[in-house]
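Q: Prediction below, plus the sequence it came from.
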Amino acid sequence: MDMFQYFLSHQAENTSAFSDIFRTAKEFHQLLGRKSYLLDHYLSMFFRLIIQTDFCILEEKIYQAVSDLQKKILVDLENNNGSIPMFDCQEPFTQQELSWTALADTLLEQALTDFQNETVSTYQGTVDLVDLEQTEEKLVELLGKDVWEQFQQALIQCFLPCSLLQLFWQGFIIEITKRFLSRDLETDQEVFRLYLHRFFTEESS
């Protein structure tokens, strides 16, 4: 695999154009007749959810999540109660970064859970999610489940090539990776090298 090319590639195999969405919506209007207002209402709510994806705010949320978890790590290190892995190093900063490395899976999982819960709460203030679900159910009854799900899939391909959770996930992974690359002042070694060395030492002992 050409890893760098993978960084730049467009992952979605099937994509929908805006014109496809509006062409299908026009066909639905004709099928729905006087109840076409349901489709307009649904699309209005869907579009309002899409524009909630503010990348500046998302970046702030990533930094806030990192800051909150960093404070928790510092408290756990100060208490030294066995809730966090300890490493044999002189620099407190290196100890913190090694803790991030050792707990990376747990920290990522916690950040994703917190973000998802917070996002649902925020979206409920923007769009009535119950109304969205009920409107969707009415459209399924009128248009048929298969037809409606195909349209939804086209909406997702066109407007959500990356979900909000995936964007947050990628941003948080970048912040964790920065800690892998931070350097220990004593040895001038990158943290991930020190972490790997610990495993080599444990295996050989």
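A: Arrived safely.
Q: Can you say which helix or strand has the residue nearest the centre of the chain in it?
A: By Cα atoms, centre = their mean, the mean C-alpha position of the chain lies nearest to Leu165, the distance being 2.4 Å. In the assignment (DSSP states H and E), Leu165 maps to helix 164-181.
Q: which residues sit in contact with the nearest residue to Thr94 once chain neighbours are set aside?
A: Counting by Cβ to Cβ, 6 or more residues apart in numbering, Thr94 lies nearest to Asp184, which is 4.3 Å off, once chain neighbours are set aside. In this view, the C-beta of every residue, glycine as well, is placed from N, C-alpha and C. Contacts were defined as Cβ atoms under 8 Å, 6 or more residues apart in numbering; by that measure Asp184 touches 89, 91, 93-94, 190-191, 194.
Q: gap between Asp184 and Arg48?
A: Applying Cβ to Cβ, to the nearest Å, the value for Asp184 to Arg48 is 48 Å.
Q: Ser36 too?
A: The value you get for Ser36 to Arg48, if Cβ to Cβ is used, is 19 Å.
Q: Settle it for me: which of those two has more neighbours?
A: Ser36 (16 against 13; other Cβ atoms under 10 Å).
Q: What confidence value was assigned to that one?
A: At Ser36, the pLDDT value in this model is 96.
Q: which residues does it contact?
A: Counted by Cβ under 8 Å, 6+ apart, Ser36 has contacts 28-29.
Q: repeat for the one 5 residues further on
A: His41 makes contact with Thr135 under the criterion Cβ under 8 Å, 6+ apart.
Q: In which helix or strand does it reside?
A: helix 37-50.
Q: tell me the angle that helix makes with helix 164-181.
A: Interaxial angle, helix 37-50 versus helix 164-181 (axes from the mean of the first three to the mean of the last three Cα atoms, to 10 degrees): 10 degrees.
Q: Quick check: buried residues in the lengthiest helix in the chain?
A: Assignment by DSSP state H gives helix 55-79 as the longest helix of the chain. Residues of helix 55-79 classed as buried: 58, 61-62, 65-66, 69-70, 73, 76-77 (neighbour count, 16 or more other Cβ atoms under 10 Å).
Q: could you dump the residues you listed to TSV with pLDDT?
A: Output for those, formatted as TSV (pLDDT from 0 to 100):
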residue	pLDDT
Leu58	90
Lys61	93
Ile62	95
Ala65	96
Val66	95
Leu69	94
Gln70	93
Ile73	92
Asp76	89
Leu77	88
